[in-house]
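Just a sequence and a predicted model for now, questions to come.
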Amino acid sequence: MSEMALPLAMAILTLAGILAGYRVGMVLAGSAAIFILVSDLPTAFFNLLVSRIYANVLSNWLLVAIPMFIFMGLVLEVSGTAERSLKAAQRALGGSAAGMGFSVLVIGILLAASSGIVGASVVLLSLLALPRLIEAGYGDRMSAGLVAASGTLAILIPPSVMLIILGDQLKTPVPSMFAGAIGPGLLLVAVYGGFVLWRARGLPRAATQEETSPLRLLLDLGPLLVLVLSVLGSIISGFATPTEASGVGALGAVLITLLYGKFSFAMLMTAARQTVITTSTVLFLMIGATCFSAVFKGVGGDDMVEAGIMAFGDGPFIVLTVVMVAIFVLGFVLDWLEITLILMPIFAPIVAGLDFGNGLAGPELMIWFGILVAVNLQTSFLTPPFGFSLFYLRSAIGDHIATTDIYRGVLPFILLQLLVLALLIVFPGLITGLI
């Protein structure tokens, strides 16, 4: 028990600091510094932390893709390009209640593939689609749940910042992570679509529908589709690295604003400032997590976690279930980035040593595990009380829908995500088929 005292105290102190509202990066780095001093680790361990920060974060060229993809998404959002595509899809598919629901999913996919920013996706869908969903007869709960769930697709469908960071933490190729996420992303959309179709049964067709010519639809959606396909295609085919493709995507987003006459220096500077703020937050958190994971392992934290998991049984699927449940539960109180950076260095070596009898080993096994984690973490955006999609939705709609109705509205979509997660565990080919 004495061997577990330090790592347990470190975990409790860190969680308490995060829940108290302090900056997560500061809490992680501060906990690391405190427990270097109170443990028997040498003070020279501080030098090791500096080396790890430089090697894992500051000199990691893969992470250059993060600000580029963030900038690409912000340019499309701030310029109004994403909003234009949303309205075009609504005009094309919004003639029936089912079509209205499907248009929200379609735009959720486009926003996910073009921006990867959950906040932007949820807010845009809330402002533009939520009133029309309610008018179509879906009701407050279903409308809120569909908007929030569609917005969270931005964290799973490539190019996703989550997949880049997961690939870095699991030491797996990012192009393979992107390819592995396509099947689960489409499956999740199909399951959502089936639920929308079931929910829309019996709802009347809209009284009016704005006509959209094929040429107008092509002009509104074509450039965004070309941008998405060129970025993803170049990465998955191996023609370009994620870093190179992210630069192309950022340039392509600016060119689209020029094409639509939406470019301005003020728009560019607004996107650039927000990119700097978001990227700084992510990298500072990565620095803090690097310090935390090194010290946590140094005081025996990985042994404590492994022993805790193995206490439920040493069968591979039992271990995987415990890991998935732990990630899901932590998603109620922690952000996906915090969970990824804190837990993946601990869980990854445990899973890497297991044989699931599904023919997966080495990098393929870790890609499968990484996508399972990504789908699981996607639910953290929907689970109250700290689901970020719920916050974004609430900020966009004000008091028009009760908080309890929002919580009840997302519940079916959380269950659908867990169903997809179970299918991915049972049928790993859904992930590995495109790798």
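Happy to help now that I have it.

By residue count, what's the longest helix in the chain?
helix 265-298 (DSSP state H).

So what's the gap between stretch 324-342 and the chain middle?
12 Å (Cα atoms, centre = their mean, to the nearest Å).

List the buried residues for it?
For stretch 324-342, the neighbour count (16 or more other Cβ atoms under 10 Å) marks 324, 326-328, 330-331, 334-342 as buried. From N, CA and C alone the C-beta is placed, and that goes for glycine too.

Please spell out which residues along the helix or strand following the longest helix of the chain are buried.
Of the helices and strands lying after helix 265-298 in sequence (DSSP states H and E), the nearest is helix 301-310. Judged by neighbour count (16+ other Cβ under 10 Å), helix 301-310 contains these buried residues: 301-302, 304-306, 309.

just stretch 216-236 next, same as before
Buried-residue list, stretch 216-236, by 16+ other Cβ under 10 Å: 220-221, 223-224, 227-228, 230-232, 234-236.

re the thing from before, farthest-apart pair in the buried residues of helix 301-310, please.
Between any two of the buried residues of helix 301-310, the greatest separation by Cβ to Cβ is 12.6 Å, found for G301 and I309.

where are the low-confidence patches of the stretch 251-400 of the chain?
Residues of the stretch 251-400 of the chain meeting the criterion pLDDT under 70: 385-386, 395.

one more time with 80, if that's ok
Counting by pLDDT under 80, the stretch 251-400 of the chain contains low-confidence ranges at 282, 302-303, 305-306, 310, 313-314, 333-335, 337-338, 384-388, 390-392, 394-400.

OK, contacts around P316?
354-357 (Cβ atoms under 8 Å, 6 or more residues apart in numbering).

related to what we said a few turns ago, mind putting the buried residues of helix 301-310 in JSON lines, distance to L251 included?
Shown next, in JSON lines, are the buried residues of helix 301-310 (distance: Cβ to Cβ, whole Å):
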{"residue": "G301", "distance to L251": "43"}
{"residue": "D302", "distance to L251": "42"}
{"residue": "M304", "distance to L251": "47"}
{"residue": "V305", "distance to L251": "43"}
{"residue": "E306", "distance to L251": "46"}
{"residue": "I309", "distance to L251": "45"}
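
And those residues, which is closest to R141?
Using Cβ to Cβ, I309 comes nearest to R141 of these, at 36.6 Å.

The closest one: what's it in contact with?
I309 sits next to 319, 322-323, 350 when contact means Cβ under 8 Å, 6+ apart.

ok, and what's touching the helix or strand in which S51 is found?
Using DSSP H and E, S51 sits within helix 45-53. Contacts with helix 45-53, where a contact means Cβ under 8 Å, 6+ apart, come from 32-33, 36, 287, 290-291, 294-295, 298.

just stretch 236-246 next, same as before
Contacts to stretch 236-246, defined as Cβ under 8 Å, 6+ apart, come from residues 61-62, 64-66, 68-69, 72, 158-159, 164, 174-175, 178-179, 231-235, 248, 434.

Now list the buried members of those residues.
With burial judged by 16+ other Cβ under 10 Å, the buried subset of the contacts of stretch 236-246 is 62, 64-66, 68-69, 72, 158-159, 164, 174-175, 178-179, 231-232, 234-235, 248.

tell me which residues in the longest helix of the chain are buried?
Under the neighbour-count criterion of 16+ other Cβ under 10 Å, helix 265-298 has 267-268, 270-271, 274-275, 278-279, 282-298 buried.

Counting neighbours, what do you get for the closest residue to E306 other than its chain neighbours?
Distances taken as Cβ to Cβ, 6 or more residues apart in numbering place I350 nearest to E306, at 5.7 Å, with adjacent residues excluded. I350: 17 surrounding residues under other Cβ atoms under 10 Å.

Excluding chain neighbours, what is closest to the one residue sitting closest to the centre of the chain?
Among the residues of the chain, the one closest to the centroid is I155, at 2.5 Å (Cα atoms, centre = their mean). Using Cβ to Cβ, 6+ apart and skipping the chain neighbours, the partner closest in space to I155 is M162 (5.0 Å).

what helix or strand is the one you found on?
Counting by DSSP H and E, M162 is part of helix 161-170.

Quick check: which helices or strands does that helix pack against?
Contacts defined by 3 or more Cβ pairs under 8 Å, 6 or more residues apart in numbering; DSSP states H and E place helix 161-170 against helix 65-78, helix 174-199, helix 265-298, helix 336-352, helix 362-378.

Same list, the ones you listed, but as JSON lines with distance to L430 please.
Shown next, in JSON lines, are the helices and strands packed on helix 161-170 (distance: least, Cβ to Cβ, whole Å):
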{"stretch": "helix 65-78", "distance to L430": "25"}
{"stretch": "helix 174-199", "distance to L430": "5"}
{"stretch": "helix 265-298", "distance to L430": "29"}
{"stretch": "helix 336-352", "distance to L430": "18"}
{"stretch": "helix 362-378", "distance to L430": "9"}
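
Figure out which of those is closest to L146.
Nearest to L146, of the helices and strands packed on helix 161-170 and by Cβ to Cβ, is helix 174-199 at 6.7 Å.

Give me the distance from the helix or strand just after the closest one to the chain's centre.
Later in the chain than helix 174-199, the nearest helix or strand by DSSP H and E is helix 214-236. Computed by Cα atoms, centre = their mean, the separation of helix 214-236 from the middle of its chain amounts to 22 Å.
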